[in-house]
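# Have a look; sequence and predicted model below, questions after that.
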Amino acid sequence: MKTKILLAGLIHFIIALIYRHIVGLSITNGNWIDTWESMWQAIPLNQLSESPLTSIYYFHAQPPVFNTLLATLVKLAPNNPLGLLQTVYILLGVVMVMMSGVIIYHLISRQIVADILLFIITLHASLFIYEAYELQTHLTAFLVICVIFCLV
């Protein structure tokens, strides 16, 4: 079981890298600053760069946890924080696949059914698409899977 879960995570990681670097499925697909400025949920880059702590709660509609993550990424990778965000999202996708495997094998007693479900989740297109999507949707899905994983 552990080997299958680790293998599923590795397969997901490799395919995500293929989608990103060979196919071109990327958050930015061009100029990352233009992409950033078009994101309604993100604080404008100049405010986030100059005063990250005071600007986190700039608008009520903007999620403060997500903007805290964005502020951290701006500090860690000022030349392309959205590229780093996609890398973080890919790693979260790998962890989601592995946590889903643990959940599946814990809840489903028939081995073949569990294997098929893990295979479907590993290759599910929505994970790859949301790893290349700059909204907080992927992060929210990760937190939901974490809660289910902890309950199991």
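Everything's here; your move. Residues are numbered from 1 along each chain as shown.
# Give me the helix or strand of the protein that scores worst on average pLDDT.
Every helix and strand in the chain was compared by mean pLDDT, DSSP states H and E; the lowest is helix 52-55, with a mean of 70.
# Leu73: what's it in contact with?
Counting by C-beta atoms under 8 Å, 6 or more residues apart in numbering, Leu73 makes contact with Pro81, Leu82, Leu84, Leu85, Val88. C-beta: built from backbone N, CA, C; applies to glycine.
# For the third one, which non-adjacent residue is closest in space?
To tie it back to what came earlier, the one meant is Leu84. Ala77 (4.2 Å; C-beta to C-beta, 6 or more residues apart in numbering).
# tell me the pLDDT at the one you found?
In this model, Ala77 is scored at 88, pLDDT.
# For the most far-flung residue of the chain relative to its centre, give its distance to Phe119.
Within the chain, Arg110 marks the point farthest from the mean C-alpha position, 29.8 Å out by C-alpha atoms, centre = their mean. Using C-beta to C-beta, to the nearest Å, Arg110 is found at 14 Å from Phe119.
# so who does the spatially most central residue of the chain touch?
The structure's the chain has its C-alpha centroid closest to Tyr89; by C-alpha atoms, centre = their mean the separation is 2.5 Å. With contact taken as C-beta under 8 Å, 6+ apart, Tyr89 is in contact with Tyr130, Glu131, Ala132, Tyr133, His138, Leu139.
# burial measure for the third one, as a count.
Read it as Ala132. 22 (other C-beta atoms under 10 Å).
# just the last one next, same as before
Other residues near Leu139 number 18, with proximity taken as other C-beta under 10 Å.
# mind listing what it touches?
Leu139 neighbours (C-beta under 8 Å, 6+ apart): Val65, Phe66, Leu69, Tyr89, Leu92.
# and it, backbone torsions?
Main-chain torsions, Leu139, degrees, to the nearest 10: phi -60, psi -40.
# Roughly how far does it sit from Val95?
The gap separating Leu139 from Val95 is 12 Å, by C-beta to C-beta.
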